[in-house]
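J.: I would like the atomic coordinates for the input below:
(one chain, ligands or ions: 1)
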Amino acid sequence: MSTAFRPQSGPVPLVGVVADSKMVDPHRFHMAGEKYLTGVVNGADALPVIIPSLPDPLAAAPLLDRLDGLLFTGGYSNVEPHHYEGEPSKPGTLHDTLRDHTTLPLLRAAVDAGVPLLGICRGFQEMNVAWGGTLHQELHETGLFMEHRENKDDPLEQQYSPAHDVTIEPGGLLAELVGEGKQQVNSLHTQGIDRLGIGLQVEARAPDGLIEAISVPDSKAFALAVQWHPEWKVNESPFYLSIFQAFGKACAARAARR
Ligand SMILES: N[C@@H](CCC(=O)NCCCC(=O)O)C(=O)O
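T.: Numbering: from 1, shown residues only. Coordinates of the predicted model:
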């Protein structure tokens, strides 16, 4: 599937994609995974722009004025536990302080401003924390859940292949999109929702009861976050594609109001 942007009727939505901050040799870079960018192009029919996680975070208002949507991506780093009064991370845990400082306030600001947003994996966990929820830091050590991690030694295709069902909860955005019932999703995460954020709605659960998708029911605009990775070969899964298309439709509606 070409990633060349397909012309469409109406103004082209501009979608901000949050960046991970990483040191490459002596310099700090701000990066977003390619599959998120192509997911925005091929799944949401929109133009992606990377939003840096600067030491002095960008002011939200002028940014949100210019954006038609925001994608909060997955990432190997974990939200720092002090953001949810969690126990200190295990030694060697990867964090991204700058990303946390950008995304946690930006999520709230985007909902307040009526900017559509989609959260994926780490972005899903950020939404829960931004709404006052907490995380299990090592799901596999709780004894409460099945294995949700990928095997990093497997080929990527296998890591991102369907791993378990999720049951779509009645009355939410996902139920509107695909109906209640079960959907197959991939699973590449060590952490997960413990206490649900205040005012968030559960959209889907794994067979072990773990919350796998949430939304902000009182948001003026589309505000959904999922623990799995719908950006992975988005055009090859009707379920994954329906999520990005619903997000893209909300972004296009904002663009059309400009
Ligand atoms: N670090 C968190 C979130 C996991 C996550 O986002 N994994 C995907 C990383 C690679 C990608 O962007 O696809 C956790 O471990 O729960």
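J.: need the next SSE after whichever helix or strand E176 is part of, C-terminal direction.
T.: Per DSSP states H and E, E176 falls inside helix 173-178. As assigned by DSSP H and E, the chain's next helix or strand after helix 173-178 is strand 181-185.
J.: about what we covered before: contacts for the helix holding E176 next, please.
T.: 168-169, 203-204, 213, 215, 222, 224, 239, 242-243, 246 (CB atoms under 8 Å, 6 or more residues apart in numbering). No exception for glycine: its C-beta is placed from N, CA and C like everyone else's.
J.: mind running it again at 7 Å?
T.: Applying CB atoms under 7 Å, 6 or more residues apart in numbering, the contact partners of helix 173-178 are 168-169, 203-204, 213, 215, 224, 239, 242-243, 246.
J.: which residues of this protein fall in strands?
T.: Along the chain, the stretches classed as strands by DSSP state E are 14-18, 20-24, 27-31, 47-51, 69-72, 117-120, 135-136, 164-168, 181-185, 192-193, 201-205, 211-215, 223-226.
J.: now the ones you listed in a markdown table, with mean neighbour count and mean pLDDT?
T.: What follows is those, written out as a markdown table (neighbours: other CB atoms under 10 Å; pLDDT from 0 to 100):
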| stretch | mean neighbour count | mean pLDDT |
| --- | --- | --- |
| strand 14-18 | 24 | 98 |
| strand 20-24 | 15 | 97 |
| strand 27-31 | 13 | 98 |
| strand 47-51 | 18 | 98 |
| strand 69-72 | 28 | 98 |
| strand 117-120 | 29 | 99 |
| strand 135-136 | 21 | 98 |
| strand 164-168 | 20 | 98 |
| strand 181-185 | 16 | 97 |
| strand 192-193 | 24 | 98 |
| strand 201-205 | 20 | 98 |
| strand 211-215 | 26 | 99 |
| strand 223-226 | 26 | 99 |
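J.: quick one: these as CSV, columns for distance to L58 too.
T.: CSV is the format used below for the strands of the chain (distance: least, CB to CB, whole Å):
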stretch, distance to L58
strand 14-18, 10
strand 20-24, 13
strand 27-31, 11
strand 47-51, 7
strand 69-72, 12
strand 117-120, 16
strand 135-136, 25
strand 164-168, 34
strand 181-185, 32
strand 192-193, 28
strand 201-205, 29
strand 211-215, 25
strand 223-226, 20
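J.: which one of those lies nearest to H95?
T.: strand 20-24 (10.4 Å; CB to CB).
J.: the closest one pairs with which strands, and in what direction?
T.: Here strand 20-24 is paired, per DSSP bridges, with strand 27-31 (antiparallel).
J.: give me the angle between the strand it pairs with and strand 14-18.
T.: Using axes from the mean of the first three to the mean of the last three CA atoms, to 10 degrees, the direction of strand 27-31 lies 130 degrees away from that of strand 14-18.
J.: off-centre distance for strand 27-31?
T.: Between the centre of strand 27-31 and the centre of its chain there are 20 Å (CA atoms, centre = their mean, to the nearest Å).
J.: contact partners of that strand?
T.: 19-22, 50, 52-53.
J.: so which of those would you say is closest to the ligand?
T.: Among these, D20 lies closest to the ligand (CB to the nearest ligand atom), at 8.5 Å.
J.: out of the contacts of helix 173-178, which one sits closest to the ligand?
T.: Ranked by distance to the ligand (CB to the nearest ligand atom), these are led by A213 at 14.3 Å.
J.: my guess is that closest one contacts V226. True?
T.: Yes. Contact criterion CB atoms under 7 Å: A213 and V226 qualify, at 4.5 Å.
J.: on that earlier part again, now distance to the ligand too, for the contacts of strand 27-31, in TSV please.
T.: As requested, these are exported to TSV (distance: CB to the nearest ligand atom, whole Å):
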residue	distance to the ligand
A19	12
D20	9
S21	14
K22	12
I50	14
P52	17
S53	15
